[in-house]
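1. I'd like to go over a predicted model; first the sequence, then the structure.
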Amino acid sequence: MAELGGANRDVLKRQLQILRKSPEQRSPEDVRAFAASLSKTKFFQDLGEHEKIQVCRYLKLEGAPGDTTLFKQGDRGDKFYLILCGSVGVFIKDVEAKD
């Protein structure tokens, strides 16, 4: 994994500081700051300011050790993930392939 640059490291530090608080403990400024830090994230670019704030208000921090399967193809989608640090692999089963 590439080393984070100074500015990115500071942003990540602030994001983690906010997400370590429960949603009820986050101030409006925390939520606005977190939303602003995601302004270049494609998912958030199409949302209005109110929607960004609502999503960011209820995000929860979840860590996972390497080689952890977060979900499998076909699982019910009950959450989405923002990868703040690290990387993930996505594998899609080819339904046309013969076993």
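-> Okay, I see it.

2. where are the low-confidence patches of the chain?
-> For the chain, the stretches flagged by pLDDT under 70 are 1-7, 97-99.

3. for the residue positioned nearest the centre of it, list the residues it contacts.
-> For the chain, the residue nearest the mean C-alpha position is Leu82 (1.6 Å; Cα atoms, centre = their mean). Neighbour list for Leu82: Leu38, Thr41, Phe43, Leu59 [criterion: Cβ atoms under 8 Å, 6 or more residues apart in numbering]. Placement of C-beta: from N, CA and C, glycine included.

4. mind putting those residues into JSON lines with secondary structure, neighbour count and distance to Asp75?
-> Shown next, in JSON lines, are those (DSSP: H, G, I helix; E, B strand; the rest coil; neighbours: other Cβ atoms under 10 Å; distance: Cβ to Cβ, whole Å):
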{"residue": "Leu38", "secondary structure": "coil", "neighbour count": "20", "distance to Asp75": "25"}
{"residue": "Thr41", "secondary structure": "coil", "neighbour count": "13", "distance to Asp75": "23"}
{"residue": "Phe43", "secondary structure": "helix", "neighbour count": "11", "distance to Asp75": "19"}
{"residue": "Leu59", "secondary structure": "coil", "neighbour count": "19", "distance to Asp75": "20"}
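
5. give the buried residues for stretch 8-22.
-> The neighbour-count check on stretch 8-22 (16 or more other Cβ atoms under 10 Å) flags Val11, Gln15, Ile18, Leu19 as buried.
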